[in-house]
Structure formats: C-alpha cells, structure tokens
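# Fold the following for me, if possible:
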Amino acid sequence: MSHPALVHPGEPVELAAGVHWIGALDPAMRRFDIILNTANGTSYNAYCVRGAKGVAVIDTVKIEFAEEFFARLEAVASYDEIRAIVLNHLEPDHSGALPELMRRAPHAELILSNRAPAILRALVRELGAEPVFTAVDDGDSLDLGGRTLAFWNTPYLHWPDTQCTFLQEDGLLFSGDVFGCHFCDDRLWNDTVGDFRFSFNYYYQHIMRPFRRYVLDALDKL
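Alright, predicted model coming up:
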C-alpha cells in the first residue's frame, strides 16, 4: 500500500485492511525516563485490529495524549466492539489511557504477559480495584475471527513484563519497545523520514544494551 503523506490530528493511519495506528505524536518531548535525551521527540504507538468477531486494541498512549488516542480509536471502532485490550508493556507511555479505556469498554478482556500482574497493580490503582485480566505465555493466542493474535514474551526488553503481539494472517509484529527508539515525525513510516539510525543506536545503547542477552533470546524467538 502507499504511505499517507502525514499524520493528521484525530485521524487513524491504515497499516493493512482493518488494522490501524491509533497512537499519538509528541514532538516537544525532550527527556524520557530521566536518562534519555529526546531531541527529536517521541511517538506513542497504539493499534486497533479488527476481526469478524470483534476488535482488539494493542497498547494505549501517555495520559496527556489520551484525547488524540480516543479520537483515532473512535474513527475506526465503537467501544462495544472492543473484545480485548492487549498491553505489550506497562510503562505509562503504553498504559496511560488504560483506566479510561477500561471504563469505556468494561466488557473487554485485558491481556498481559505472565510477568505483568504485579506491575499492573501498581499502575492502575485509580481504577479502585484490580482489574480482571488474562496472563498469556509464549504461543498463547486470541481468535478475533479470521485474525489471530499470538503472544510472545520478550522479558527485560526493557521491563520484565514486555511481550510482542503477532498478527499471524497478516504477518504483522507489534513489537512494543523491542525494536524501538525515540523519534517523532508526522510522516510516521520508517522509510519516509530519512536516516534515523542515530536515534535507534542511542536508544539501544542506553536502554537495551544492558539486557543484550535477552535481546538475542528475543531475536531467536521472533
């Protein structure tokens, strides 16, 4: 498919038929996790996947960008269609809008890695009670109807809870932070924004390199 020219406010970006990016851009971010300089800002990547049996939302955004996230989500799905909310990682840039999303879609199944529950309890106290969730292990899957999400643990990349989600029929990997970096560009697509390897290398050196043994394990698995 051809790439869209720019990300526009409130508009989702189609990645494949029935699969949309519904995240947010944060060009003004200049420091992340205390130790990282983010001269090019950052992006919060969240996705909506549609199957015949319903919709799955994969990750959310930092709470300050929840309005953008919900506008994009509402453009491609209604809340009563959401069957599952998948969190690949529980850091606030992935989970910030989770409490509000769970309020809007209370029937949705929350899916986490099997290492995530202890972290979840600390992050969503504002819900008033620990949410019901399903913890998944390598190779566990969710059938959305003609579309299958499979889950693969990638621990310590870069938190113990990290997992990746693979959309089997389309060959799409939602990899969270595993192949990530902090770089914001409203052209969105890697092959349209020029050479940003400096950001990728900087992120890897500061975040992933201490866990390089786990990086190699994840590459073998994926």
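
# Going by residue numbers, what spans are helices in the chain?
In order along the chain, the chain carries the following helices (DSSP state H): 66-76, 92-95, 98-104, 117-123, 197-203, 212-221.

# Serialize those to a markdown table and add fields for distance to R147.
Heads up, the C-betas are built off the backbone N, CA and C, glycines and all. As requested, the helices of the chain are arranged in a markdown table below (distance: least, Cβ to Cβ, whole Å):
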| stretch | distance to R147 |
| --- | --- |
| helix 66-76 | 14 |
| helix 92-95 | 22 |
| helix 98-104 | 20 |
| helix 117-123 | 25 |
| helix 197-203 | 29 |
| helix 212-221 | 21 |
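
# quick one, which of these is packed in tightest?
Highest mean neighbour count among the helices of the chain (mean count of other Cβ atoms under 10 Å): helix 92-95, with a mean of 23.

# what does that one rub up against?
Residues from elsewhere that reach helix 92-95 (Cβ atoms under 8 Å, 6 or more residues apart in numbering): 32, 42, 44, 46, 59-63, 87-89, 123-124, 176.

# try 6 Å
The list of residues contacting helix 92-95 from outside it, by Cβ atoms under 6 Å, 6 or more residues apart in numbering, reads 44, 59, 62, 87, 123.

# possible to save these as JSON lines with pLDDT?
Output for the contacts of helix 92-95, formatted as JSON lines (pLDDT from 0 to 100):
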{"residue": "Y44", "pLDDT": "94"}
{"residue": "D59", "pLDDT": "97"}
{"residue": "K62", "pLDDT": "95"}
{"residue": "L87", "pLDDT": "96"}
{"residue": "L123", "pLDDT": "68"}
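
# could the residues you listed be laid out in a markdown table, adding distance to D220?
Converted to a markdown table, the contacts of helix 92-95 look like this (distance: Cβ to Cβ, whole Å):
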| residue | distance to D220 |
| --- | --- |
| Y44 | 28 |
| D59 | 24 |
| K62 | 31 |
| L87 | 24 |
| L123 | 30 |
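
# Only the buried subset of the residues you listed, as a PyMOL command please.
The following PyMOL line selects those of the contacts of helix 92-95 that are buried, judged by 16 or more other Cβ atoms under 10 Å:
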select buried, resi 44+59+62+87+123
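
# P131 is nearest to which of the helices of the chain?
Comparing the helices of the chain against P131 with Cβ to Cβ, the closest turns out to be helix 98-104 (6.1 Å).

# So for stretch 57-66, first residue to last residue, what's the gap.
From the first residue to the last, stretch 57-66 extends over 14 Å; the measure is Cα to Cα, to the nearest Å.

# In the protein, where is pLDDT below threshold?
1-5, 34, 122-130 (pLDDT under 70).

# Point to the residue nearest the middle of this structure.
D59 (3.6 Å; Cα atoms, centre = their mean).
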